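Peer 1: What shape does this take:
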Amino acid sequence: MRFYNISGTLTLINTLIANNTGSPSCASGTIINDGTGNLRWPLADASCPGTAGDPKLGALVYNGGPTQTIALQTGSAAIQLATTNCPATDQRSFVRRLLGGKCDAGAYEFGAGFFNYLPIIFK
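Peer 2: Coordinates of the predicted model:
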């Protein structure tokens, strides 16, 4: 995320800000508020609001749905981070798994989506 010649206030909710090429990621004339459920990475960049932790992101690919997404990998700090304002579905239109009222931060819900079923063979 890069801001150019912007002033005002921006509130981030359930947002991932990670692995940006510019540093610091959120330095600008904009005031950025933490609306909860945000994750920032790397640890050294404290310019963005939110919890610091490794989101363990995959590559930008088609993970189902109409657009490419970046999947959360096992152990991601974004999993079950968001505590409020959880949309019913993720960017892929897959139902979010609300566990204890929490969902994953960002556009991708870990573990949601396609299920693989093994065939049942009767003899």
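
Peer 1: okay, now the closest residue to residue 80 other than its chain neighbours: neighbour count?
Peer 2: With C-beta to C-beta, 6 or more residues apart in numbering as the criterion, residue 80 has its nearest non-adjacent residue at 4.5 Å, and that residue is residue 102. To be clear about C-beta, it is placed using only N, CA and C from the backbone, and glycine gets the same treatment. By the criterion of other C-beta atoms under 10 Å, residue 102 has 17 neighbours.

Peer 1: Angles on the backbone of residue 102, please.
Peer 2: Reported as degrees, to the nearest 10, the phi and psi values for residue 102 are phi -110, psi 150.

Peer 1: tell me the strands in the chain, going along the chain?
Peer 2: Assigned strands in the chain, in chain order: 7-12, 16-18, 29-34, 39-41, 51-52, 57-61, 69-72 (criterion: DSSP state E).

Peer 1: what does the first one rub up against?
Peer 2: For strand 7-12, the surrounding residues in contact (C-beta atoms under 8 Å, 6 or more residues apart in numbering) are 29, 30, 31, 32, 33, 34, 35, 38, 48, 49, 50.
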